[in-house]
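Q: one predicted model, sequence on top.
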Amino acid sequence: QVQPVESGGGLVQAGGSLRLSCAASGRTVSNYVMAWFRQAPGKEREFVGGVSWSGGSTYGDSVEGRFTISRDHASNTLYLQISSLKLEDTAVYYCAATARFWIPITTTEYDYWGQGTQVTVSS
């Protein structure tokens with residue numbers, strides 16, 4: 001079992017940058033695909049991006065080049081760097097893990113979820 005715990009959210013001005021972290025505990029975390037999702041008020045949870053155990057990554061269609069995902073196997077931590085923040089980036093950002101061998105983009109294919117961290121972008 002894997003338990004993700006997100007941190008790093010907060011109130012940020014538009015145009016700023018933010019790095020979210022997800023510390024995952026459990027056995028063989030490095031074997032899991034890890035991903036970020038986000039959910040804005042009144043909207044469905046959407047795939048931001050994911051990274052495989054080998055470091056390969058993919059991003060959601062709605063995500064521009066402002067997002068970068070990385071992971072550190074030594075500390076079992078997943079990161080999401082967001083630059084040039086926009087008002088529409090305001091959402092709760094969730095970290096998720098799955099034992100699948102590819103990077104799914106749908107929520108139902110992820111087995112473990114964190115509680116989320118709120119990111120609010122102000123003008």
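A: Done, it's in.

Q: low-confidence stretches in this structure?
A: For the chain, no stretch is flagged by pLDDT under 70.

Q: let's see that with 90 instead.
A: Scanning the chain for pLDDT under 90 picks out 1, 26-31, 53-55, 61-65, 73.

Q: what are the boundaries of the strands in it?
A: 2-7, 10-13, 18-26, 33-39, 46-51, 57-59, 67-72, 77-82, 91-98, 112-113, 117-122 (DSSP state E).

Q: list the neighbouring strands of the fourth one plus their orientation.
A: Same thing as strand 33-39. strand 46-51 (antiparallel), strand 91-98 (antiparallel) (DSSP bridges).

Q: and the ones you listed as JSON lines, adding mean neighbour count and distance to residue 58?
A: Yep, even glycine has a C-beta here, placed from its N, CA and C like the rest. As requested, these are arranged in JSON lines below (neighbours: other CB atoms under 10 Å; distance: least, CB to CB, whole Å):
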{"stretch": "strand 46-51", "mean neighbour count": "22", "distance to residue 58": "6"}
{"stretch": "strand 91-98", "mean neighbour count": "23", "distance to residue 58": "13"}
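
Q: got the contact list for residue 38?
A: 45-46, 48, 89, 91-94, 119 (CB atoms under 8 Å, 6 or more residues apart in numbering).

Q: repeat that for 7 Å
A: Neighbouring residues of residue 38 by CB atoms under 7 Å, 6 or more residues apart in numbering: 46, 48, 91-94.

Q: do residue 12 as well
A: Neighbour list for residue 12: 18, 85, 121 [criterion: CB under 7 Å, 6+ apart].

Q: nearest to residue 25, of those residues?
A: residue 18 (23.2 Å; CB to CB).

Q: measure that closest one to residue 77 for me?
A: 16 Å (CB to CB, to the nearest Å).

Q: that older thread, and the strands of the chain: which comes nearest residue 105?
A: Using CB to CB, the strands of the chain put strand 46-51 closest to residue 105, at 4.2 Å.

Q: contacts for the closest one, please.
A: If you take CB under 7 Å, 6+ apart as the criterion, strand 46-51 is touched by 33-38, 57-60, 62-63, 67, 69-71, 78, 80, 103, 105.
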